[in-house]
Each structure stands twice: as structure tokens, then as C-alpha cells.
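Chemist: got a predicted structure plus its sequence, pasted below:
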Amino acid sequence: MRIADCGLRIVMKPIKYENRGRATPSKNQSAIRSPQSAIMIVAGEASGDKHGAKLVAALRALCPDSPFEFFGAGGDEMRLAGVETLVDAREVAIMGALEVARALPVFLRAFRRLRDAANERKPRLVILIDWPEFNLRLAKRLKRDGHRVIYYISPQIWAWRSYRIHAIKRYVERMLVILPFEKDYYERNGVEVDYVGHPLLDSAHVTATREEFCSRHALDPLKPIIALAPGSRHSEMKHILPPLIEAARRLNQSRPNFQFVLPLARTFTREEIAPQIGSTRLSLIEGETYNAMAAADLAVVASGTATLEAAIIGSPLIVVYRASQLNWRIFRPLINTPFVGMPNLIAGKEIAPELLQNDLTAENLTEVIVGFLSDPARLRQSRADLAEVRKKLGEAKASERAASRVLDLLKSDY
């Protein structure tokens, strides 16, 4: 497909000249061959980095000869997709009122860097991906600066902090949502919205059998495997990982046939996590999160995107979450749904046990793990329920549909 086929018109802005007759490019001009082809894309978490990379790849595939240039915030996957990341997702992988307050200088620097880059490069479109604590504030500023802002991967305002709908109505031109019921929610609230399907259906792929995975990581495929997924943010590692490690340590002693694996999020290195594990018998897995989930008989997963990844793969799971007591007291009253785990919300019932805040203790988690793995009928029912959740997520190729909608919005410039 050629540029003309995409319906995009690229306009070169004239360069201003000094009295000497030499061009005076801006400090970023050397990195910008065609300002009118620039698209700003902002993600600040591991999941958003993944979705952003898929979206960029889909845009390039739809218009392979276009001079798109992407810049903004993201991580390794977006960089590999060709995005110039002015802000690294690892710098801002923080959650919670107290943690954000402590890291406020980091956030302010990131905010100013992105705002200044947008005003200098003048992207044709700004695409914000999830990360509402930062992105909704950025949307407000960029909209007031005259930029077109769309939002991909909606904040879960239908579940908690519903007052954010007012900011979205004011500062976001269009929502691209990934859950079927989100479209109805936004339409009821007068927001322009498109449902594109869930991008995890395209990315949550298993590439190894249980036997292959076990062979690579010195595990016994005939013994139970429990995957621990405490999250991708520093605050999650601080509050969620300790009870998970303590539960594994207890089960090392009482159930020595149990095997534990911890697939590392891209936001952490082995050296950062290893000291917290100590002498616990647990294998750190790098670059094989989906294979680890698929090989596991049971997964213990922090509430968030990873719970849906487990559901798509079909791994029975326990949903866990813990924050600082201050954050919990602030945010718990804002939650207006009976569950926090996405598989439970989509199913409309508890298909994955939830251990939240004070209930997330090593003792409680140990009891639930043993109860789950001791009941084959419960495991079978869990897999059947997860298959139904997978069906409700709709069809694959969400990134392609989102990219197509982005191109439609770019055409509407003229």
C-alpha cells in the first residue's frame, strides 16, 4: 500500500533562515525528516509498551511506504518497533499515591519532556495508551496546546474512579476500547468511541510445550508447577512479591513436589529480584512469560493485564493485589465493582479467587494454592470458565483495527 492509498498528505514546513543564509534547525530537527508525519505515542507500563509496539507495527504494515516517525514514551518493545522513546517506561513504572508523590520530580521531568517535544515537533496525532494517572493529565495539557488526542486501552473508569469520564470528554477526541462493554459505557456518556477488540488475543502466544519448557528450565513436567506473577511496577514488587515468596517458601517445606517459577517482567532484571528470593526454591524465567503461564498448573497473578493473559492462555489463576495501607484506604472506596480481576469482571462471577490487601498473606495464599491443586474438578471448571472469557473478548487482529482507525483519523485532518 502506497502513501496515496493510505489517504495521507505529507506537508513539509518551510525552514526559517537567519541573516547569514544558513538553515537554523531546532534542537530536534535532525531527528525529524518530515514533521507532518510525526505521531506521538505515550505508554508508561509494560503492558502499554507491548500494545504500543503492536500498534506501531500495524500502522507500518498498513502503510509500508509512509514516512511515519513515532516518538514519545515507552519501553524496549516500542524501541524495537522504531519509536524514539524520550521517556523510558522503567523510569515511571510507579503506582499509588504515596509512591507517585515520592517520585514526583521524575514524573514532572517526563511530563515536561513530552509536552515540550509535542509542541516542538507538532505531531499530527497523539496516542495515549492506558497509564491514566499520567496520561489524563498529559491529555489535558496537550489538548489545551492544540493537539489532537486519542486514547487507546481505556482506563477502567467503569470499575473505579468513574469521575475521570469528565476529563476524557473534555480532552480526548476518540477512545479506542478493547472490551465489548466499554463501547456501550462511553456511548452512554457521550464520548466518541470505537471497539477494536483485545490486542492480547494477538500477542499471548505460547511457543513451547510443557515438556520443552520444563527441559529448558530443569523442571519436572510430572510435578505441579505454580507460576508467580507479582506485576511489573516497583510498588507491586514491594508489596505483592513478599507474601508470594513466603508462600513458596512454606510450600517448599510442606509440599516439596511443588515447583515455582517467576516470569520476569521486562521492567525488572534478574539482579533486582534475586535478592528477594533468597534460598527459596524458585526459578526466575526471562523472556518466556506466556510459556511459563501455559506450563503452570496454577498461576498467582497480580490484578491487571496479566490476569487476562492467563485467561487467554487458559491457566487457572488466583488474583492477588496489595498496596500500601495509605493507597488502599484512598482507592478502595473508589472501586464500584464486586471484583477487581478482569476474568471475574468479564465472566460476571468469581472464576478466580481474589486475595486483596490484608487477605493477601502467605498463610491464606498457601491454603488457596493447596486447595486448588488438590481438586482436579475445580481445575477443570476453571479452565472451562476461562475459555468462555476468551470467547467474550471477541476476534483477534485488534492492533490492525486500531491502526486502521488511526489512519481514518489522520485522513480527517483535511
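Modeler: Now that the structure is in, tell me what you want to look at.

Chemist: for Pro14, give me the pLDDT.
Modeler: For Pro14, the pLDDT comes out at 36.

Chemist: what is the neighbour count of Ala384?
Modeler: The local packing of Ala384 (other CB atoms under 10 Å) involves 11 other residues. In this view, the C-beta of every residue, glycine as well, is placed from N, C-alpha and C.

Chemist: for Asp375, same thing?
Modeler: By the criterion of other CB under 10 Å, Asp375 has 12 neighbours.

Chemist: with Leu317 instead?
Modeler: With other CB under 10 Å as criterion, Leu317 counts 28.

Chemist: try Ala311
Modeler: Considering only other CB under 10 Å, Ala311 is surrounded by 33 other residues.

Chemist: before we move on, what about Glu363?
Modeler: Counted with other CB under 10 Å, residues neighbouring Glu363 total 11.

Chemist: equivalent analysis for the one 5 residues further on, please.
Modeler: A count of nearby residues for Val368, using other CB under 10 Å, gives 19.

Chemist: for it, what are its contacts?
Modeler: When contacts are counted by CB atoms under 8 Å, 6 or more residues apart in numbering, Val368 touches Ile318, Pro353, Leu355.

Chemist: so what sits opposite the first one in the bridge?
Modeler: Ile318 has these beta-bridge partners by DSSP bridges: Val300.

Chemist: for it, give its distance to Tyr151.
Modeler: 31 Å (CB to CB, to the nearest Å).

Chemist: who's more crowded, those two?
Modeler: Between Ile318 and Tyr151, counting by other CB under 10 Å, Tyr151 is the more crowded of the two (25 against 22).

Chemist: hang on, the more buried one is in a strand, isn't it?
Modeler: Yes. Counting by DSSP: H, G, I helix; E, B strand; the rest coil, Tyr151 is found in a strand.

Chemist: hmm, it is touching Leu176, no?
Modeler: Yes. If you go by CB atoms under 8 Å, Tyr151 and Leu176 touch, sitting 7.0 Å apart.

Chemist: what residues go with each domain of the chain?
Modeler: Annotated domains of the chain cover 3-198+395-411, 203-392 [automatic domain parsing].

Chemist: how far does stretch 344-359 sit from its chain's centre?
Modeler: Taking CA atoms, centre = their mean, to the nearest Å, one finds stretch 344-359 lying 20 Å from the centre of the chain it belongs to.

Chemist: no, scratch that, I was asking about stretch 373-384
Modeler: 28 Å.

Chemist: repeat that for stretch 243-256.
Modeler: Relative to the centre of its chain, stretch 243-256 is centred 29 Å away, using CA atoms, centre = their mean.

Chemist: mind exporting the C-alpha coordinates of that stretch to CSV?
Modeler: Coordinates of each C-alpha in stretch 243-256 appear next as CSV, following Å, rounded to 0.1, in the frame of the first residue of the first chain:
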residue,chain,number,x,y,z
PRO,A,243,3.8,-12.8,50.5
LEU,A,244,4.2,-14.7,47.3
ILE,A,245,7.8,-15.6,48.1
GLU,A,246,6.9,-16.5,51.7
ALA,A,247,4.1,-18.8,50.5
ALA,A,248,6.5,-20.5,48.1
ARG,A,249,9.0,-20.9,51.0
ARG,A,250,6.3,-22.6,53.2
LEU,A,251,5.3,-24.9,50.4
ASN,A,252,8.9,-25.8,49.7
GLN,A,253,8.8,-27.4,53.1
SER,A,254,5.3,-28.9,53.2
ARG,A,255,4.9,-29.8,49.6
PRO,A,256,8.4,-30.4,48.2
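
Chemist: identify the residues contacting Ala118.
Modeler: With contact set as CB under 8 Å, 6+ apart, Ala118 has these partners: Met40, Val126, Leu142, Asp145, His147.

Chemist: which strand or helix spans the third one?
Modeler: Take DSSP states H and E as the rule and Leu142 turns out to sit in helix 132-144.

Chemist: same check on the first one?
Modeler: Met40 is part of strand 38-42 when elements are defined by DSSP H and E.

Chemist: direction included, what does that strand pair up with?
Modeler: For strand 38-42, pairing defined by DSSP bridges yields strand 69-74 (parallel), strand 125-129 (parallel).

Chemist: on that earlier part again, buried subset of the contacts of Ala118?
Modeler: Buried by 16 or more other CB atoms under 10 Å: Met40, Val126, Leu142, His147, out of the contacts of Ala118.

Chemist: the second one and Tyr151 touch, don't they?
Modeler: No. In terms of CB under 8 Å, Val126 does not count as a neighbour of Tyr151; the distance is 9.4 Å.

Chemist: what do the two both touch?
Modeler: If you check Val126 and Tyr151 against CB under 8 Å, 6+ apart, the residues they both contact are Ala139.

Chemist: sorry, back to before: and the helix holding Leu142, how far out from the chain middle?
Modeler: Once both centres are worked out by CA atoms, centre = their mean, helix 132-144 turns out to sit 18 Å from its chain's centre.
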